[in-house]
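fold the following for me, if possible:
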Amino acid sequence: MIKHVGRHNERKIIIVYREVPDQDHMALVVYSDVLPGDIHNPLMKVLEVEGQQEKSLADALHKATLPDGRNMLGALHSEGYLKKVQTNQIVVVANATSNVRLDELNKIVNEMEAGDDAKSRLQNLDNNRGLVDPAVGRELGAPPERNVPAVPATTALSDSDIANNLLKQANEMEVSAKSMLAESKRLKAEAKELTPKKATPKATGVRKTPAKKTVA
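All right, here's what the predicted structure looks like:
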């Protein structure tokens, strides 16, 4: 069924505002049977299309214009077609077989919107703080200290864990030592090759004759 339509005293009405600000027991409506054609026809087009996408028909009417260029919502107000009626006297056409009073409908819609808003705020808190799901016992609006996530306890290392860590460190040190030893040998060999060799004295080939003993 189409939204924003109902009856008041068996007259067809278009519900522009479901609730008047600061007067939630009152609504603003238009009696469609008194509208002139140059307002009625454009209004019905907005109601049937753009109006079905809006929570309040007034939002759609505020964006629309009449053929003469006037704002549609402003024209309804200036021409005196907006009428204030108590919500408990308005019957909203819910579907082909059932109706509901506007005050009851407003209560249901407001409760649903409040619930959705609460769920949204709760989800934002969960996403930003990492809070637990309300199903596990958290209440909406609880003090922040109640909503702090539990910090997991630190697990102590066993003797086996410590031994494995020490063995890992020893293996790393051994690999490092082998690498340093190999580097040391390479440097020694390179230094040996760069060290100048000492010259060996050449032989003259002259043999020394031992001195003869003198005979007395």
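
contact partners for Pro21?
Listed by CB atoms under 8 Å, 6 or more residues apart in numbering, the contact set of Pro21 is empty. The C-beta positions use only the backbone N, C-alpha and C, and glycine is treated the same way.

distance of it from Ala189?
95 Å (CB to CB, to the nearest Å).

so where's the protein uncertain?
94-96, 116-166, 170, 198-216 (pLDDT under 70).

recalculate using a threshold of 90.
Along the chain, the model assigns pLDDT under 90 to residues 1-3, 10, 21-22, 24, 55, 93-100, 104-216.

please, where are all the helices along it?
37-48, 57-63, 72-78, 102-129, 159-194 (DSSP state H).

which of the ones you listed sits most buried?
Most buried of the helices of the chain, by mean neighbour count (mean count of other CB atoms under 10 Å): helix 57-63, with a mean of 19.

which strands or helices does that helix pack on?
In terms of contacts (3 or more CB pairs under 8 Å, 6 or more residues apart in numbering; DSSP states H and E), helix 57-63 is packed against strand 11-17, helix 37-48, helix 72-78.

can I get the CA coordinates of that helix in PDB?
The C-alpha coordinates for helix 57-63 follow below in PDB (Å, rounded to 0.1, in the frame of the first residue of the first chain):
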ATOM      1  CA  LEU A  57       6.400  13.300   3.100                       C
ATOM      2  CA  ALA A  58       7.300  16.800   4.000                       C
ATOM      3  CA  ASP A  59      10.900  16.100   3.000                       C
ATOM      4  CA  ALA A  60       9.800  15.100  -0.500                       C
ATOM      5  CA  LEU A  61       7.500  18.100  -0.800                       C
ATOM      6  CA  HIS A  62      10.200  20.500   0.300                       C
ATOM      7  CA  LYS A  63      12.300  19.400  -2.700                       C
END
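
which residues touch Val85?
Val85 is in contact with His8, Ile13, Met26, Ala27, Leu28, Val29, counting by CB under 8 Å, 6+ apart.

hmm, try it at 6 Å
Shown in contact with Val85 (CB atoms under 6 Å, 6 or more residues apart in numbering): His8, Ala27, Val29.
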